[in-house]
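A.B. asks: Predicted model and sequence below, questions to follow.
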Amino acid sequence: MYAQVITPGYKIVLESGGNTYDYHTGADPDGPLVQCTEDGTPASAAIALPAEPVGVTLMDDDAMTLLIERAKEDLVQATGADSGAITVLSTEEVEWSDSSLGCPDPDTMYAQVITPGYKIVLESGGNTFNYHTATDPEGPLVQCTEDGTPAAVAMVEIAPQLVVEDPLSRLVERATEDLMQATSAESDEITVVSTEEVEWSDTSLGCPEPYGMYAQVITPDYLIVLETGGETFDYHSSTDPEGPLVHCTLEADSEE
């Protein structure tokens, strides 16, 4: 069964020995890729594979170990606890009802698809902490409060010393660092001319490479304009403070 949602991706046609082979992919370079036959079914369907019980997800011990490590690291940062003082009370395989992992942010919309994952319960200082995850060891992981919302919303109460950085401030900082390296200018010689929320027409962030292929989806991001030495420099970024950021010499093409 598949989620009934529009999924941007690519069709790649290869040729070998006079035969052509169709590959269908998602937009994620490390995501799903399948060789598709002329009748529209996966080429691997004809390969004899070991049967697995339908609806059963086998717990990957390596993935679980990494997820527990990440949960512990998050708890250390959130509470200041020593990692050696954190105990794993339980781990449980769960099928979350949507992509919120059973811990929705009230102001966020989520894909309504069954999402396999884990619930990890840690203990420190007499308190228990629930972590909800997907199955990907590098994927989403969230500390969930008793009322079923992300703990980050109330993080100041848990760890007053933790400052949640504004994503745009971090992006401006990264753009400034990049411009310092590119021009040898000092940080105090660089001025922020403007910052603007934009919606790029695809995942190129409004700055496509001549032969690049990009998912044709509206992508909310930022346009950051810096100035140094009498010249202006445009930076296009994603909304993720640690995500893609590019110095663009093309005229911005946004869908505002």
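C.D. replies: Structure's in. What do you need?

A.B. asks: could I have the host helix or strand of residue 237 exported to CSV, CA atoms only?
C.D. replies: Applying DSSP states H and E as the criterion places residue 237 in strand 231-238. Written as CSV, here are the backbone C-alpha positions of strand 231-238 (Å, rounded to 0.1, in the frame of the first residue of the first chain):
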residue,chain,number,x,y,z
GLU,A,231,29.3,45.6,-3.9
THR,A,232,26.2,43.6,-3.0
PHE,A,233,26.0,39.8,-2.7
ASP,A,234,22.9,37.7,-2.9
TYR,A,235,22.6,34.5,-0.8
HIS,A,236,19.7,32.1,-1.3
SER,A,237,19.0,29.6,1.4
SER,A,238,16.6,27.0,2.7
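
A.B. asks: element containing residue 117?
C.D. replies: Short version, using DSSP H and E: residue 117 is in strand 115-124.

A.B. asks: So residue 175, which state does it fall into?
C.D. replies: helix (DSSP: H, G, I helix; E, B strand; the rest coil).

A.B. asks: Please report the number of neighbouring residues for it.
C.D. replies: Other residues lying near residue 175 total 25 when counted by other C-beta atoms under 10 Å. (C-beta placed from N, C-alpha, C; glycine too.)

A.B. asks: Now it: closest residue in space that isn't a chain neighbour?
C.D. replies: Among residues not flanking residue 175 along the chain, residue 235 sits closest, at 4.1 Å (C-beta to C-beta, 6 or more residues apart in numbering).

A.B. asks: partner residues bridging that neighbour?
C.D. replies: Beta-bridge pairing for residue 235 (DSSP bridges): residue 224, residue 247.

A.B. asks: ranges for the strands of the protein?
C.D. replies: 9-16, 19-26, 33-36, 87-96, 115-124, 127-134, 141-144, 191-200, 219-228, 231-238, 245-248 (DSSP state E).

A.B. asks: Just send those strands back as JSON lines, with mean pLDDT and distance to residue 171 too.
C.D. replies: Formatted as JSON lines, the strands of the chain follow (pLDDT from 0 to 100; distance: least, C-beta to C-beta, whole Å):
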{"stretch": "strand 9-16", "mean pLDDT": "78", "distance to residue 171": "27"}
{"stretch": "strand 19-26", "mean pLDDT": "79", "distance to residue 171": "26"}
{"stretch": "strand 33-36", "mean pLDDT": "81", "distance to residue 171": "31"}
{"stretch": "strand 87-96", "mean pLDDT": "93", "distance to residue 171": "30"}
{"stretch": "strand 115-124", "mean pLDDT": "93", "distance to residue 171": "29"}
{"stretch": "strand 127-134", "mean pLDDT": "93", "distance to residue 171": "26"}
{"stretch": "strand 141-144", "mean pLDDT": "91", "distance to residue 171": "23"}
{"stretch": "strand 191-200", "mean pLDDT": "90", "distance to residue 171": "8"}
{"stretch": "strand 219-228", "mean pLDDT": "89", "distance to residue 171": "6"}
{"stretch": "strand 231-238", "mean pLDDT": "91", "distance to residue 171": "5"}
{"stretch": "strand 245-248", "mean pLDDT": "89", "distance to residue 171": "6"}
